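> what's the 3D shape of this:
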Amino acid sequence: MAELITPTTRLHERWLAARDDWGRGVHQDGSGLRPDDEVDSAEGFAAFVGKLRRESDPAIPAAAGWVHCSYWWIVEDDEVLGSIALRHELNEFLLEAGGHIGYGVRPAARRRGLASRALAEVLPHARELGLDRVLLTCEVTNEGSRRTIERNGGVLEDVRDTALGRLRRYWITLAGRAPDRQGV
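Numbering: from 1, shown residues only. Here you go, the predicted model:
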């Protein structure tokens, strides 16, 4: 069964295989990977994993324009299947377009319910941060993500044109939700 783990250098080769499944240079929602991250070398990958860990640590000031964010990888038998990120708060951009939670599942692992289970497992972490509700967005054409969000209690607020394109914006209320920590 798949599980959520914090990013680790131990899975460098497996992470690269997942990245290559997406395609080099392709944006991977929830991964924290940015265009200037060098991840092919062991040193570059260690720096990338270190960056993800620092971004999750509220004791370390967030970079200008960014918010603290916790990252997990969706892993099964040491195979990296995807990732999910929980932003600890919203800035103006995230309120408009990005939301609190972003996730992505590599193409070869889709349609197995991994994103739905990962989202369900991350929602209690959002509650632990003191959030009463979380915002999630998806492209209007992304039916899989729409179903994932709605399956986890997402209520559509609106559809709007944003800097990221035309997005569906959903809120998930966390109060009264039973914890779901059974594994992805």
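
> List the backbone torsions phi and psi for the nearest residue to residue 38 once chain neighbours are set aside.
For residue 38, the nearest residue in space outside its immediate sequence neighbours is residue 44; the separation is 3.6 Å by C-beta to C-beta, 6 or more residues apart in numbering. Where C-beta positions appear, they are placed from N, C-alpha and C, glycine not excepted. Geometry field for residue 44 lists phi and psi as phi -60, psi -40, criterion degrees, to the nearest 10.

> Verify the stated contact: residue 44 with residue 37.
Yes. Because the distance of 7.4 Å satisfies C-beta atoms under 8 Å, residue 44 is recorded as touching residue 37.

> What's the separation between residue 92 and residue 136?
17 Å (C-beta to C-beta, to the nearest Å).

> who has more neighbours, the two?
Between residue 92 and residue 136, counting by other C-beta atoms under 10 Å, residue 136 is the more crowded of the two (22 against 8).

> Show me what that one is bridged to.
In this structure, residue 136 bridges to residue 170 when assessed by DSSP bridges.

> Tell me the gap between the helix or strand hosting residue 149 and the middle of its chain.
Taking DSSP states H and E as the definition, one finds residue 149 inside helix 143-151. Taking the mean C-alpha point of helix 143-151 and that of its whole chain, the gap between them comes to 14 Å (C-alpha atoms, centre = their mean, to the nearest Å).

> Tell me where the model's unsure across the chain.
176-184 (pLDDT under 70).

> now with 50?
Scanning the chain with the threshold set as pLDDT under 50 gives 181.

> Run through the helices of it in chain order.
12-22, 42-56, 92-93, 114-128, 143-151 (DSSP state H).

> Check these for me and report the most buried one.
Relative to the other members of the helices of the chain, helix 114-128 carries the highest mean neighbour count by mean count of other C-beta atoms under 10 Å, namely a mean of 21.

> For that helix, output the C-alpha coordinates as PDB.
Taking Å, rounded to 0.1, in the frame of the first residue of the first chain, the C-alpha atoms of helix 114-128 are listed here in PDB:
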ATOM      1  CA  LEU A 114      -3.700   7.800  -4.900                       C
ATOM      2  CA  ALA A 115      -4.500  11.500  -4.900                       C
ATOM      3  CA  SER A 116      -7.800  11.100  -3.100                       C
ATOM      4  CA  ARG A 117      -6.200   9.000  -0.300                       C
ATOM      5  CA  ALA A 118      -3.200  11.400  -0.100                       C
ATOM      6  CA  LEU A 119      -5.500  14.400   0.200                       C
ATOM      7  CA  ALA A 120      -7.500  12.700   2.900                       C
ATOM      8  CA  GLU A 121      -4.300  11.900   4.800                       C
ATOM      9  CA  VAL A 122      -3.000  15.500   4.600                       C
ATOM     10  CA  LEU A 123      -6.200  17.200   5.800                       C
ATOM     11  CA  PRO A 124      -5.600  16.300   9.500                       C
ATOM     12  CA  HIS A 125      -2.200  18.000   9.200                       C
ATOM     13  CA  ALA A 126      -4.000  21.200   8.000                       C
ATOM     14  CA  ARG A 127      -6.200  21.000  11.000                       C
ATOM     15  CA  GLU A 128      -3.100  20.600  13.300                       C
END
